[in-house]
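Trainee: okay, here's the prediction I keep looking at, along with the sequence it came from:
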Amino acid sequence: MFDKMKIYNKLIKILDPALVKLDEPLSKHTSFKIGGPADILVIPRNEEELRKILKASREEKIIPYVIGNGTNLLVLDKGIRGVIIKIANNMNNIFFDGTRITAHAGVLLSALSKAAMGKGLTGLEFAGGIPGTVGGAVCMNAGAYGGEMKNVVVSVEAMDFNGGVKKYSKEEIRFGYRTSIFQKEKLIILKVCFELQKGSYNKIKKQMDKLSERRRKKQPLWEPNAGSTFKRPDGSYAGYLIEKAGLKGYQIGGAQVSKIHAGFIVNKGNATAKDVLLLIQHIQKTVEEKFGIKLVPEIKILGED
Ligand SMILES: Cc1cc2nc3c(=O)[nH]c(=O)nc-3n(C[C@H](O)[C@H](O)[C@H](O)COP(=O)(O)OP(=O)(O)OC[C@H]3O[C@@H](n4cnc5c(N)ncnc54)[C@H](O)[C@@H]3O)c2cc1C
């Protein structure tokens, strides 16, 4: 039986106790503002600390789960047993070398895109409004407005759960639509190398401003959400099908199909994960009945129901 106090006491001895949180509500770490507690949540500042967390977890036979900025997650109401390692807020340096940028996994994409713009480097304009970290974005092969991580990533350095570090080439990462090897293998992304192109600061800025204006108009950015709920089905768009099925504004408990963009589910203030799950199931059933298309969630659902 897993003893959370044992691993907690071990972690606060080997790390700054401020980095280790006991019974931490995950609603504080997800953009949905939903989710029960994690037994332990720990936010390492560097690779050495990460290695120590992995070693302590191994000794207690715990397989930790890694999160970034929590912007693509639905954590269930009873939370998560074990250890969550959050790679965000810390591990966030950016290095420049000509048209190459290397960023730690905890860097926010918004910060990375702005930094690239500041150096007059083009290629990351599409990512400026995606609210995740570099690690989360590579894991998800995040994309928008015709761009995706796959187009700009050269290589990734990742740690396995034994603390070993390996560099993965673009081919080894096996990027696909909203997927990569990091969704299947137990690896923690540490650093990502991007190849961009020389461009004009003014043009890059104009494009980024245009795209953020589009987001402001078309997405419910003021309400807690986790981005697109479903992957894009072949030949159509989830939001279009959901709207055509008459579900815009449909609500279960505190979870609502956004009135602004039917591809998003928003938390109206007191939604539980159960509300969101029921709404997801209702949408899937209705869309399948009307159009014969089974929508597949893009958001990652984790924890205990
Ligand atoms: C308002 C809004 C708009 C959005 N718009 C878009 C969009 O345009 N395009 C798009 O693709 N997505 C979009 N998203 C979804 C989300 O921002 C992306 O999927 C983002 O890449 C997730 O990054 P994250 O750091 O929040 O990861 P999390 O949500 O914390 O985690 C997502 C996955 O990545 C894994 N992960 C995170 N960090 C690491 C790491 N260091 N090593 C290994 N695995 C890791 C997690 O285990 C999990 O499986 C949007 C979300 C919101 C709330």
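Mentor: Thanks, I have the structure now.
Trainee: thought residue 99 was touching residue 195?
Mentor: Yes: at 6.2 Å, residue 99 counts as touching residue 195 under the criterion of Cβ atoms under 8 Å. Just so you know, the C-beta spots here come from the backbone N, C-alpha and C atoms, and that holds for glycine as well.
Trainee: dihedrals phi and psi, the closest residue to the ligand within the stretch 151-300 of the chain?
Mentor: Nearest residue of the stretch 151-300 of the chain to the ligand (Cβ to the nearest ligand atom) works out as residue 227 at 2.5 Å. Main-chain torsions, residue 227, degrees, to the nearest 10: phi 70, psi -150.
Trainee: my read: it touches residue 266, true?
Mentor: No: using Cβ under 8 Å, residue 227 is not in contact with residue 266; the gap is 11.0 Å.
Trainee: out of those two, which sits in the busier spot?
Mentor: Higher neighbour count among residue 227 and residue 266: residue 266, with 24 against 21, using other Cβ atoms under 10 Å.
Trainee: contact partners for residue 241?
Mentor: Counting by Cβ atoms under 8 Å, 6 or more residues apart in numbering, residue 241 makes contact with 233, 287, 290, 291, 293, 295.
Trainee: please tell me how far it sits from residue 281.
Mentor: Look at residue 241 and residue 281: by Cβ to Cβ, to the nearest Å, they are 15 Å apart.
Trainee: over to residue 180?
Mentor: Counting by Cβ to Cβ, the gap from residue 180 to residue 281 is 27 Å.
Trainee: what about the protein, any weak spots by pLDDT?
Mentor: By pLDDT under 70, the low-scoring segments of the chain are 1.
Trainee: mind giving me the domain split of it?
Mentor: Domains of the chain are assigned by automatic domain parsing as 4-86, 94-203, 219-302.
Trainee: tabulate the CA atom coordinates of stretch 97-111 in PDB.
Mentor: What follows is stretch 97-111, C-alpha atoms only, in PDB (Å, rounded to 0.1, in the frame of the first residue of the first chain):
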ATOM      1  CA  ASP A  97      22.400  30.300 -31.400                       C
ATOM      2  CA  GLY A  98      21.800  32.000 -34.800                       C
ATOM      3  CA  THR A  99      18.500  30.700 -36.100                       C
ATOM      4  CA  ARG A 100      18.400  28.000 -33.500                       C
ATOM      5  CA  ILE A 101      16.600  28.300 -30.100                       C
ATOM      6  CA  THR A 102      16.900  25.900 -27.200                       C
ATOM      7  CA  ALA A 103      14.300  26.200 -24.600                       C
ATOM      8  CA  HIS A 104      13.800  24.300 -21.300                       C
ATOM      9  CA  ALA A 105      10.500  22.300 -21.100                       C
ATOM     10  CA  GLY A 106       9.000  24.700 -18.500                       C
ATOM     11  CA  VAL A 107       9.200  27.800 -20.800                       C
ATOM     12  CA  LEU A 108       5.700  29.000 -21.800                       C
ATOM     13  CA  LEU A 109       5.100  29.000 -25.500                       C
ATOM     14  CA  SER A 110       3.900  32.600 -25.300                       C
ATOM     15  CA  ALA A 111       7.300  33.600 -23.800                       C
END
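Trainee: hmm, it in reach of the ligand?
Mentor: Yes: for stretch 97-111 and the ligand, the contact criterion (Cβ under 6 Å from any ligand atom) is met by residue 105.
Trainee: distance between that stretch and the chain's centre?
Mentor: Stretch 97-111 sits 16 Å away from the centroid of its parent chain (Cα atoms, centre = their mean, to the nearest Å).
Trainee: and that stretch, what's buried?
Mentor: For stretch 97-111, a neighbour-count test (16 or more other Cβ atoms under 10 Å) marks 99, 101, 102, 103, 104, 105, 106, 107, 108, 109, 110, 111 as buried.
Trainee: what of stretch 195-209?
Mentor: Buried positions in stretch 195-209, judged by neighbour count with 16+ other Cβ under 10 Å: 195, 196, 199, 204, 207, 208.
Trainee: which other residues reach it?
Mentor: With contact meaning Cβ under 8 Å, 6+ apart, stretch 195-209 is reached by 99-101, 113, 116-118, 120-125, 128, 152, 154.
Trainee: endpoint to endpoint, it covers what distance?
Mentor: In stretch 195-209, first residue to last residue: 22 Å (Cα to Cα, to the nearest Å).
Trainee: strands of the stretch 1-150 of the chain, residue ranges please.
Mentor: For the stretch 1-150 of the chain, the strands defined by DSSP state E, counting those that start in this stretch occupy 20-25, 37-42, 65-67, 73-75, 80-86, 94-97, 100-104, 121-122, 143-144, 147-148.
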